Structure formats: C-alpha cells, structure tokens
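Q: Fold the following, please.
(2 chains)
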Amino acid sequence: MTAAPGGTAADAPRTLADACRRLGDDPNLVPVAGGTDLMVSDRLERSAVAGVLDLTRIPELTGVREVAGGLEIGAATPFAVLRSHPAVCRRFPALAAAAAVVGGWQIQSRATLGGNLVNASPAGDSLPVLLALEAVVVAAGPAGEREIPCAAFHVGYRKTALVPGELVARIRLPDPSPGSRQLFRKVGTREAQAISKVVVAAVGRVGGEGREGGVVESLRLAAGSVAATPVRLRAAEAAAVGKPWSPETARTRLAEEVGRAARGEVTPIDDVRSTAVYRAATLERVVRRLILDLGSPE
Amino acid sequence: MNVRFVVNGEEREAEGAPLERLLDVLREQLALTGTKEGCGEGECGACTVLLDGEPALSCLVPLAQCAGRDVRTVEGVAALPAGRRIVERLVAAGGVQCGACTPGIVVTAFALFERDPAPTRQALADALAGNLCRCTGYEGIFRALTDDAEQPTVSPARPGAPAVGEAE
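A: Numbering: from 1, shown residues only, chains lettered A, B, ... in the order given. Modelled structure (predicted):
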C-alpha cells in the first residue's frame, strides 16, 4: 500500500481499542469494512452520514489465526482471503466454499465475514456455515469483549445481538470432530454473482462399518433464505442422528424423513428473488441430497 | 471531507461526503469517465477499478476509505503494455459490442493476468463472474482472453487511435 499522503488515512483507527473508544465517543459514526452491503443499504441515507469508522486498517481485525481447538478469523477479513487460505480450505472447507460464491471477485476482495454477520441478511452465504460449525462471535465494546454463540447472534429479521457501541472483532471456528464431513450448497438464479434463494450447510459424520452401511453419528444442518434469520434445522438433525445410513436409505426413507423435517421447520416468504413454495421445495431437495452426500465417498 | 489518494500513479485530491462513491469521484471530479456506471448496485462489474491492486466495484467504495490508497482505473490499466494488449485482443476477437461492460472486463482481466498469465477458461470464467455482459454471450471475450495463438491485428502504434477511456 502507498504511504498515506494525507486525507483521513492517518486518522483511521489502527487498533480495535481505538475503534471502540471512537465509537463510544461518537455513536453516530458508521462502521465500514468492505462496504458492499452498506453502500447500497436501503436503511441508510448515504449523503446524511457525517462520519465513518474505517475498519479496514486495523491489523487485529484482519487475518486468520490459530487458536486452541480451532481458528479465529478477524471480522474484517475479506472472503477472497478465506476462499484460498490453506488452513480454512483444509479444516473448514464449507466456509471456503461459501466464500467462493459470495458475489464475484470484486465483491470477494472487499466483503468481509464480520460484515456478512452484522448485515444480518437471512440470505448471507456464510451464515449457515457459521451456524453448522457452531462458530462463536467475539464482540468488542465499551464493556470489553464478550462471546456470543452464532446461534444467538441473529435475534430477528436483520437484527443482531450487538448492543450500541459494539463491533464484531473476530469469529472463532471450533474444529469439528475428526471424520466429519462439511457440505455447502447454494441455489441462486445463476451460478455466480447471485443472491441465494436457498443456502444450506451441513457438518456431520456417518460412522460404522465402512461407507456401505453405517449410522449417522452426528449432523448439524443450517439454512439461509428460508426464514427471517439464518436457522439451524434442528428437527431435520433429530430425524437423522442415530439412523442407519446406507446408499439405499440415503436415497429413500432417511432422505425423505430428513428432507420433510427440514421443510416443516422453516418459514420462507415470497419476495423479489423467489417464492415461499419454491424455497421450501428446494430446501427439501437440497437436504435430501446432502444426506446422500454425507456418507458417500468424496 | 477532503481526501488525498493516488490515481493512476498520480496524487489526486477529492472532496465529498464520507460515503460518496468512488465511482462518482472518478467520473465527476477527476474526469476519468472510462469507468462506467452499469447497475450502481454492485451487481454488474462495469465500474471495476483496482484498489491497492485488488479488483473492486467503485460504486461500492466510499470516498472515506480511499485516503492514502492506490486506485487504478481503466485509463491507467490501458496505458500499460499488458492492459493495452487486453484491449487489442478484445477488439480483434469481437469481445466488444455495446462496450458498457468493456472497461470493467479490461480491469478485471488485467488483475487476473497479473496473477495468472495463462489462465484456463475456467479460471477466466471464475475471475469474470462478477462482470456481466449482455451483448456478446461472453464467447468473444473468452476467445480474446484465452487464445494466445490468435494475436490481434490491431497495431499498438495505430496513429490517431483514441486513447481507451476517452469516450463517454
């Protein structure tokens, strides 16, 4: 990067503590990371914003770090970094897969994981992945840091658990148990650069005697664009865990039961991108397919 | 607010609200009209510029974040030999029809070639996923940017040729 010749570059916060202090001093500051949702937000009059808090020049907020039992991802880390980061690709392939389909290259080079969380769209591509991985959001604010389980972060349509003055600092991803598979599926209008009609992530394991006949030992399923918030599909999980898995059941009875349970626990709506009926039917089909893939050879 | 940053290698200054779009600053204050506004919603890629070397949509970049950064527009890209070559290949292969998407394609392709001088068709398709073209069906673009055997016939030294990005 070129040395700052002036303007506000020198003014931007360089530490998380400084960013929090400034936000505490001036609650009207608008935090900006990649800006890819903010700049087209219908909830913000751009010309009326007098001051922004630039989150892109804070080293603590960017990058991937090794922690005990997992990885921590700085909230302002762009998806372009996540999709090609060796540790993310190896240990959290579902997140890498989601990062690779968040818009096109230009969006991925700017849009951040923390921004996806805070923007709180039910269609955010990374959000079902974070739910299925049981990620933990670390928020920083005037009272210091606190941890919010991802499942408690989105409290309503486009509402988060953050209190005024708080920023998302990082996201902790606990390593899933050995042998578990991570799967990600996004259905949009086109293959690239589309907002999801349905997006699903799964983390689970089929154990037992080989892959021909086993048992679903664990499954965490989550979906986006099918309710007011991204949701864990707990009824579908319950319908799968402990059940015998074989290529046969995974095409028939097991798949049907889990798919139907998923469909029954979501509340999709009609909107500009799709219809409630299409979303429910597509979710069911995607979940059925994921049940098959969960125990199939990679 | 007043912001100073580097555009196409030169230090420039701009004035505006913190969330003023870089796109508007480039076109209206700096008279760099090569960067086009397509959708204005971050969907089409027409306004792609390089921000510290990374492709970004200038309709989504707020002025406040530009301070001290390095911006390269299609004018700056096309002034470099590698950028000029992309332009000529697009022209020679019929990769341009209405032209609205072309500046964005040139900038994105330039960024790809910097990282991967001989991309596969799949790598090219992935890189250009965020650049919509409603005329060519992309075939002319792919032909231009993947086929090294077919070099363009347009001479770089063609006298009187307009500089890329001069047209409105």
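Q: Might one say that A:Asn28 is in contact with A:Gly51?
A: Yes. Shown here, A:Asn28 and A:Gly51 form a contact pair, counting by CB atoms under 8 Å, at 6.6 Å. For every residue, glycine as well, the C-beta is placed using N, CA and C.
Q: Quick check on these two: which one has the bigger neighbour count.
A: Between A:Asn28 and A:Gly51, counted using other CB atoms under 10 Å in any protein chain shown, the more crowded position is A:Gly51 (15 against 8).
Q: ok, the spatially closest residue to that one that is not a sequence neighbour to A:Leu113 distance?
A: Closest residue in space to A:Gly51, ignoring its immediate chain neighbours: A:Leu29 at 5.0 Å, by CB to CB, 6 or more residues apart in numbering or on different chains. Computed as CB to CB, to the nearest Å, the A:Leu29 to A:Leu113 distance reads 21 Å.
Q: What of A:Ala240?
A: Counting by CB to CB - A:Ala240 and A:Leu113 are separated by 28 Å.
Q: before we move on, what about B:Cys39?
A: For B:Cys39, the distance to A:Leu113 - CB to CB - is 25 Å.
Q: A:Ala240 and A:Leu113: which is more packed in?
A: A:Leu113 (32 against 28).
Q: Could I get the full set of strands for chain A?
A: For chain A, strands defined by DSSP state E occupy the ranges A:30-32, A:52-54, A:64-67, A:70-74, A:136-141, A:144-149, A:154-156, A:159-160, A:167-174, A:181-187, A:198-209, A:213-224, A:231-232, A:244-245.
Q: List the residues that contact the residue nearest to A:Val67 when sequence neighbours are not counted.
A: Distance criterion CB to CB, 6+ apart; nearest residue to A:Val67, sequence neighbours excluded, is A:Arg172 at 6.7 Å. Residues counted as contacts of A:Arg172 (CB atoms under 8 Å, 6 or more residues apart in numbering or on different chains) are A:67, A:70-73, A:135-138, A:147.
Q: swap in B:Asp116?
A: For B:Asp116, the contacting residues are B:Ala123, by CB under 8 Å, 6+ apart.
Q: Kindly state the pLDDT recorded for it?
A: On pLDDT, B:Asp116 comes in at 95.
Q: With the one 10 residues further on instead?
A: The pLDDT attached to B:Asp126 in the predicted structure is 94.
Q: Could you do B:Asp148 as well?
A: B:Asp148 is given a pLDDT of 51.
Q: Skip the chain neighbours and tell me the closest residue to the closest residue to chain A within chain B.
A: Nearest residue of chain B to chain A, counting by CB to the nearest CB: B:Gly130, 1.9 Å away. Leaving aside its sequence neighbours, B:Gly130 sits nearest to A:Gly104 (CB to CB, 6+ apart; 1.9 Å).
Q: Kindly report the same for A:Thr282.
A: Leaving aside its sequence neighbours, A:Thr282 sits nearest to A:Val198 (CB to CB, 6+ apart; 4.6 Å).
Q: Now do A:Gly156 against chain B, distance only.
A: Going from A:Gly156 to chain B by CB to the nearest CB, to the nearest Å gives 25 Å.
Q: coming back round to it: how many residues are close by the residue of chain B closest to chain A?
A: Neighbours around B:Gly130, by other CB under 10 Å: 24.
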